[in-house]
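> below is the structure, and that's it, no one-letter string:
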């Protein structure tokens, strides 16, 4: 799997957009970018994934740069319940295993 | 959506005893499940891949005789921590692949060995 680099922590004010960056400069052409989050003492939760186009769902938006070497997860209106560790994972879609990096601890503050 | 149910959510056991953790796929069949371990303030570490009807494959450095995995049906995988010691205290999480892209995770089991 391509290695990902994320800042260890970020703060965000409640109601504001949270922009979480991920660097994956060694990504291969067949590798997807996945985002999961883990709220304290729970199992990880799927957020979004993409290959090269920007993606949006009810939870978040994923912006992938044209060279695919980095991406940004956007939570448009962060709430206190979005406080969690966010993991950016890069892997081929047909590869079975899922390896987690260190993630970004997002602290949403009132 | 696809749900993975994990039990128990927490367990306390005495040193030297064995503990079994169950992971069930509730509304889908999971030919492959995964087991992770997470220590406090650390990321999830993949321990092993559980394959229905065949032996599990373990990640490097994980003792297969200590962490016994059984995947006897398409909806159930179990992890048994044998002869548990305090250093095995951790948060154990299972997951299953759903469809082409998705992975769903159990809610985790907090194991405390005293």
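Thanks, I have it. Here the structure is a predicted model, which is why all the values come from computation and not from measurement.
> let me see the confidence value for the nearest residue to residue B:18 once chain neighbours are set aside.
Of all residues not flanking residue B:18 in the chain, residue B:82 sits nearest, at 4.7 Å (Cβ to Cβ, 6 or more residues apart in numbering or on different chains). Every residue, glycine included, has its C-beta placed from N, CA and C. With respect to pLDDT, residue B:82 scores 97.
> against residue B:6, how distant is the closest residue to chain B within chain A?
Closest approach between chain A and chain B, counting by Cβ to the nearest Cβ: residue A:43, at 3.5 Å. Separation of residue A:43 from residue B:6 (Cβ to Cβ, to the nearest Å): 7 Å.
> could you tell me which residues touch both of the two?
With contacts taken as Cβ atoms under 8 Å, 6 or more residues apart in numbering or on different chains, residue A:43 and residue B:6 have B:93, B:106-108 as neighbours in common.
> which of the residues you listed has the most neighbours?
Within those, neighbour counts (other Cβ atoms under 10 Å in any protein chain shown) peak at residue B:106, which reaches 28 neighbours.
> surely the residue nearest to residue B:18 meets residue B:64?
No - contact criterion Cβ atoms under 8 Å: residue B:82 and residue B:64 do not qualify, at 10.5 Å.
> one step back: hmm, which two among the shared contacts of residue A:43 and residue B:6 are most spread apart?
B:93 and B:107 (8.0 Å; Cβ to Cβ).
> please report phi then psi for the residue nearest to residue B:18.
Main-chain torsions, residue B:82, degrees, to the nearest 10: phi -90, psi 150.
> residues contacting it?
By Cβ under 8 Å, 6+ apart, the neighbours of residue B:82 are B:18, B:65-68.
> whichever of those end up buried, select them in PyMOL.
Typed into PyMOL, the line below selects the buried ones among these, using 16 or more other Cβ atoms under 10 Å in any protein chain shown:
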select buried, chain B and resi 67+68
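> next, give me the two most distant ones among the contacts of residue B:82.
Taking Cβ to Cβ, no two of those sit farther apart than B:18 and B:65, at 11.9 Å.
> pLDDT below threshold where in the chain?
No chain was given, so I picked chain A. Across chain A, the ranges flagged by pLDDT under 70 are A:1-2.
> try again with chain B
In chain B (pLDDT under 70), the answer is B:101.
> please list the residues of it that sit near chain A.
For chain B, the residues found near chain A under the criterion Cβ under 8 Å from any Cβ of the partner chain are B:4, B:6, B:32, B:34, B:36, B:43-46, B:49, B:91, B:93, B:95, B:97, B:100-108, B:110.
> show me what from chain A comes close to chain B.
Within reach of chain B by Cβ under 8 Å from any Cβ, chain A has these residues: A:32, A:34, A:36, A:38, A:41-46, A:49, A:85, A:87, A:93, A:96-103.
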